[in-house]
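K.L.:
predicted model and sequence follow; I will ask about them next.
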Amino acid sequence: MAAEHVLLPGQATLGVLGGGQLGRMFVQAAQSLGYRCVVLDPDADSPAGAVAHQHVCADYLDDAALQQLSQTCDAITTEFENVPAKALQQLAAHTWVAPAASCVSICQDRVAEKAHFVASGVACAPYAVLRQPNDVQQVPDALLPGILKTARMGYDGKGQRRVRDRAELAAAFAELGQVDCVLEQLLPLQLELSVLVARSRNGQTVCFPVQQNLHRDGILAVTEVPAPQVSAALQAQARESAVAIAQGMGYVGVLCVEFFVLGDGALVVNEMAPRPHNSGHYSMDACDIDQFEMQVRALTGLPLREPRLQSPVLMLNLLGDLWFDAQGQERTPDWAGVLALPGAQLHLYGKAQARPGRKMGHLNISAASAEATRASAQAAARLLG
Ligand code: ADP
Ligand code: MG
């Protein structure tokens, strides 16, 4: 597809690699603009496959499936970063793909990702790369205590070990299977935030309002916008950094960049995801354009528009734990009670089986003021118990 060619609403078929909840919400946004959607995912019960016009149930590297996808679709995107870059490359030979395989590859590998942050002039945690057991002895003292993270395939705190000293580092590296890792200095975090930036094929960028995030056990629990404890200057710095990171790799699509604010107020980039992000779900009910429609627009060449925040908002992640009581018995959360709260919008991903830690849905709560939003969110949290 030529760069100037726009896939108009109602006139094209869009493909998604990955059938999780992010794919599902992308498909729903695309469908409301009249696009047809095809999902590739090996899982017969995938949340996105269930709502797409067509679900190609096959492996991401299945030649016939990739061929079918590129013949059926006018443009293709991905909903998770661990899709094999080779699949994106293969599709891109025949079909417009965004984000590009080169960008997804950077995001798949913490070593390449950190190098890209440095090249973009954005500060990240001091770190070292570990590739073999001997590297444990070469690590500078200043990086301990630290966090050892596998270079690839980590998410929601998985593939990470906190280590206090060199002995623990050696043990953790062995425990993680001696795969390539980065060791990061353990930083004194004041808070965590993230920014969604979208970049078009012709280089236009827009940012969503900065999100302040609270994690529990390595998994996002709550997002609040506007970020209550982040100054306007720091928010501007986070947005500018996210734009530089996207521009520096010629990125096209929605990119989420996660940051830490340290005890002394310094901003440090943590990691990025080449897709819409859990911390951006607030935009579905609190902005005049949400992150999934933005991804559709970037993919199809439609105009991007700076999103406007319409009210303060809190997003509560709904993990599978809520589907079990204190005795471990399965139960149904009190949806009727939650939906009676003013400004509460429920999004469930259609997953049949709840498991502790599994992302089942999210609840957006908005109100006229940040105080009212928080009060409503507390009431929701009590009802969900
Ligand atoms: P994941 O891919 O699992 O999201 P992250 O690198 O974002 O991995 O780490 C998960 C969480 O661990 C972060 O949100 C943060 O709370 C904490 N964390 C990660 N790196 C550091 C660090 N260098 N110093 C302090 N805390 C960290
Ligand atoms: Mg993270």
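P.N.:
All right, it came through fine. Numbering: from 1, shown residues only. Ligands and ions are numbered 1, 2, ... in the order given.
K.L.:
pLDDT score assigned to residue 200?
P.N.:
Looking at residue 200, its pLDDT reads 97.
K.L.:
got a list of what it touches?
P.N.:
252, 297, 298, 301, 303, 304 (Cβ atoms under 8 Å, 6 or more residues apart in numbering). For the C-beta atoms, the positions are set from N, CA and C on the backbone; glycine is no exception.
K.L.:
mind doing that once more with 7 Å?
P.N.:
Neighbour list for residue 200: 252, 298, 304 [criterion: Cβ atoms under 7 Å, 6 or more residues apart in numbering].
K.L.:
domain ranges for this structure, per the record?
P.N.:
Annotated domains of the chain cover 13-97, 126-185, 189-384 [automatic domain parsing].
K.L.:
quick one: closest of those to ligand 1.
P.N.:
For ligand 1, the closest of the domains of the chain is domain 126-185, at 3.9 Å, according to Cβ to the nearest ligand atom.
K.L.:
tell me the contacts of the nearest residue to residue 163 once chain neighbours are set aside?
P.N.:
Excluding the flanking residues, the one nearest residue 163 by Cβ to Cβ, 6 or more residues apart in numbering is residue 169, at 4.5 Å. Listed by Cβ under 7 Å, 6+ apart, the contact set of residue 169 reads 136, 139, 144, 148, 163, 183.
K.L.:
does residue 169 count as helix, strand or coil?
P.N.:
Under DSSP: H, G, I helix; E, B strand; the rest coil, residue 169 falls in the helix class.
K.L.:
I'd guessed residue 263 sits against residue 190; true?
P.N.:
Yes: between residue 263 and residue 190 there is a contact at 5.3 Å, judged by Cβ atoms under 7 Å.
K.L.:
which one of these two is surrounded by more residues?
P.N.:
Per other Cβ atoms under 10 Å, whichever of residue 263 and residue 190 has more neighbours is residue 190, with 14 against 9.
K.L.:
was I right about that one contacting residue 259?
P.N.:
No: using Cβ under 7 Å, residue 190 makes no contact with residue 259, being 11.1 Å away.
K.L.:
could you check how far the spatially most central residue of the chain is from residue 21?
P.N.:
Residue closest to the mean C-alpha point of the chain, counted by Cα atoms, centre = their mean, is residue 277 at 2.8 Å. Distance of residue 277 to residue 21, given as Cβ to Cβ, to the nearest Å: 11 Å.
K.L.:
and for residue 359?
P.N.:
Using Cβ to Cβ, we find residue 359 at a distance of 6 Å from residue 21.
K.L.:
who has more neighbours out of these two?
P.N.:
Legend: neighbour count by other Cβ under 10 Å for residue 359 and residue 21, higher for residue 21 (23 against 19).
K.L.:
in the stretch 251-385 of the chain, where is pLDDT below threshold?
P.N.:
Scanning the stretch 251-385 of the chain for pLDDT under 70 picks out no residues.
K.L.:
okay, residue 1: pLDDT?
P.N.:
pLDDT, read off for residue 1, is 52.
K.L.:
next, give phi and psi for the residue nearest to the centre of the chain.
P.N.:
In terms of degrees, to the nearest 10, the main-chain angles of residue 277 are phi -140, psi 150.
K.L.:
nearest residue to it in space, please, no chain neighbours.
P.N.:
In this structure, residue 277 finds its nearest non-sequential neighbour in residue 256, 3.4 Å apart by Cβ to Cβ, 6+ apart.
K.L.:
quick check: the one you found touching residue 194?
P.N.:
Yes: using Cβ under 7 Å, residue 256 is in contact with residue 194, at 5.6 Å.
K.L.:
mind listing the shared neighbours of those two?
P.N.:
When Cβ under 7 Å, 6+ apart defines a contact, the residues bordering residue 256 and residue 194 alike are 277, 279.
K.L.:
out of those two, which sits in the more crowded spot?
P.N.:
Ranked by neighbour count (other Cβ under 10 Å), residue 256 and residue 194 place residue 194 first, with 26 against 23.
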